[in-house]
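Q: Provided below for reference: sequence and predicted model.
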Amino acid sequence: MHTDPKLTVAVIVGSTRPGRFGPTPAQWIAERAAEHPELGVDLIDLKEAALPETLGTESPGDTIPDNVRALGERLERADAFIVVTPVYNRGYPAALKTAIDWFYHEWSAKPVGFVSYGGVGGGLHAVEQLRQVFNEVHATTIRNTISFANFWERFDSEGQTVDNESATAAAKTFLDQLTWWARALRDARAKHPYAA
């Protein structure tokens with residue numbers, strides 16, 4: 001049984017494009033998560049991770065690059081994930097797919113929640129595709145999402161939501177749900193190692 005009362009949630013900034021907006025909602029949800037009594041936060045920026053686009057572990061003995069190994073260790077320590085994603089042409093960023101594909105057991109039997117942003121659809125096309133992808137690595141996606149439609153209107157110059165009361169309430173429900181799954185799955189993994 002895991003003895004640490006705190007759960008670690010990795011908040012992942014999924015966009016690496018120049019001029020990206022992703023760090024703003026990522027920082028916002030990371031702050032809400034840090035206020036949650038059961039959560040500790042690790043904010044992971046895929047731009048800083050700079051993963052190679054070509055996977056290099058297809059053959060036995062292939063060397064894993066240091067930055068890939070470092071990210072893998074952070075993902076391994078996480079009990080849950082919050083993926084912050086935009087929508088690009090009704091899909092999600094290539095850098096995010098690369099990050100998912102470099103790893104497998106680091107994601108397995110852990111919950112994933114989504115914070116998305118976009119135009120009128122709020123990035124939900126990307127979320128629905130990511131649910132299928134995370135299913136393949138045996139992660140469990142939670143039902144609730146936080147979605148920012150017309151995101152350029154939803155945050156002030158300080159990176160806070162303009163409709164703070166409703167956004168904070170949505171974040172609390174979202175984080176409570178993620179925490180429930182994170183604790184349940186961490187306890188289950190401790191009792192019975194997951195067979196992927």
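A: Sure thing, it's come through.

Q: which helix in the chain runs the most residues?
A: helix 164-191 (DSSP state H).

Q: Output the contacting helices and strands for that one.
A: Judged by 3 or more Cβ pairs under 8 Å, 6 or more residues apart in numbering; DSSP states H and E, the packing partners of helix 164-191 are strand 7-13, helix 23-35, strand 80-86, strand 111-118, strand 140-149. No exception for glycine: its C-beta is placed from N, CA and C like everyone else's.

Q: if you set the cut-off to 10 Å instead, what comes out?
A: Here helix 164-191 touches strand 7-13, helix 23-35, strand 39-45, strand 80-86, strand 111-118, strand 140-149, going by 3 or more Cβ pairs under 10 Å, 6 or more residues apart in numbering; DSSP states H and E.

Q: angle of the last one against strand 80-86?
A: Strand 140-149 and strand 80-86 meet at an angle of 30 degrees, taking axes from the mean of the first three to the mean of the last three Cα atoms, to 10 degrees as the criterion.

Q: What strands line up against strand 140-149, and which way round?
A: As defined by DSSP bridges, the strand partners of strand 140-149 come to strand 111-118 (parallel).

Q: now the strand it pairs with: how far from the chain's centre is it?
A: Centre-to-centre, strand 111-118 and its host chain are 7 Å apart (Cα atoms, centre = their mean, to the nearest Å).

Q: Contacts for the very next helix or strand once past it, please.
A: Next along the chain after strand 111-118, taking DSSP states H and E as the criterion, comes helix 124-136. Residues outside helix 124-136 that contact it (Cβ atoms under 10 Å, 6 or more residues apart in numbering): 14, 81, 83, 85-93, 96-97, 100-101, 104, 107-108, 110-118, 121, 123, 139-143, 145-147, 149.

Q: ok, now with 6 Å
A: Residues outside helix 124-136 that contact it (Cβ atoms under 6 Å, 6 or more residues apart in numbering): 85, 87, 90, 92, 100, 112, 114, 116, 141, 145, 147.

Q: cool, and stretch 173-184?
A: Under the criterion Cβ under 6 Å, 6+ apart, residues 7, 33, 36, 38, 79, 80, 111, 113, 142, 144, 146 lie in contact with stretch 173-184.

Q: how does it look with 7 Å?
A: The contact list for stretch 173-184 (Cβ atoms under 7 Å, 6 or more residues apart in numbering) reads 7, 9, 32-33, 36, 38-39, 79-80, 111, 113, 140, 142, 144, 146.

Q: Please name the nearest non-neighbouring residue to residue 152.
A: residue 21 (7.7 Å; Cβ to Cβ, 6 or more residues apart in numbering).
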